[in-house]
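*Asks:* Below are the sequence and a predicted model; questions follow.
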Amino acid sequence: MIKKLLKQGLNKTEVARRLGISRETVRKYAKLPDGYVPTINKTPVANIVDPYLPHIVKMLETAKEQKVFIPTTIIYAEIQALGYNGSLRWLQQVMQKYELRQRVKEEKLIRFETKAGKQMQVDWIEFPSDNLSAFVATMGYSRTSYVEYVDNEKIETLLACHMNAFAYFGGVAKECLYDNMRPERSEEVPLG
């Protein structure tokens, strides 16, 4: 997408603004050959709050049922008693990242975990004002994501994005989970 926008005559600053990335990132990827897909060698990092999330969610759900508010300091003291040795600030950041309080208000939380390499979750994010879409693929185990900006949601683009994501992750997930994706139809779809 960076190269496409640059070919349209936009400068690096404008490309960075439209894509929500730094100018330095635009400069770096503009120099790379066409079709380049970065690879990652990232091992999943366990979060020290993760083992306590089911307990935290249960506390928040109970508080919701009883129509009371539990301060994070109380949650912190409770999970410290269970063995948590991280900081209060880190707990607050993780709770904010997962939007635990908001999600408990809106829905029953179920922590969904998969084994490494089992599942990749896929969705489109649309940016209508820029006439762009972002293909987002997230591995269920590590939560590592691959994002690719495109100017259409046609099936050919979707398949190409999948191939790029698989190259990025260094392999193919056993299954892909889609969130009501409806790719646009091409003008002509070959039948084989």
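*Replies:* The structure has been received and is ready for your questions. Predicted, not measured: the structure shown is a model, and the values here were computed from it.
*Asks:* Please name every helix or strand in contact with the host helix or strand of residue 54.
*Replies:* Counting by DSSP states H and E, the element that carries residue 54 is helix 53-65. The helices and strands touching helix 53-65, judged by 3 or more C-beta pairs under 8 Å, 6 or more residues apart in numbering; DSSP states H and E, are helix 72-81, helix 100-106. Glycine gets a C-beta too; all of them are placed from N, C-alpha and C.
*Asks:* Rebuild these as a markdown table, extending it with mean pLDDT and distance to residue 140.
*Replies:* Putting these into a markdown table (pLDDT from 0 to 100; distance: least, C-beta to C-beta, whole Å) gives the following:
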| stretch | mean pLDDT | distance to residue 140 |
| --- | --- | --- |
| helix 72-81 | 92 | 24 |
| helix 100-106 | 74 | 18 |
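*Asks:* Can you convert these into JSON lines and add a column each for distance to residue 173 and mean neighbour count?
*Replies:* Conversion of these to JSON lines gives the following (distance: least, C-beta to C-beta, whole Å; neighbours: other C-beta atoms under 10 Å):
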{"stretch": "helix 72-81", "distance to residue 173": "32", "mean neighbour count": "15"}
{"stretch": "helix 100-106", "distance to residue 173": "25", "mean neighbour count": "14"}
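*Asks:* of all the ones you listed, which lies closest to residue 124?
*Replies:* Judged by C-beta to C-beta, the one of the helices and strands packed on helix 53-65 that comes nearest to residue 124 is helix 100-106, at 21.7 Å.
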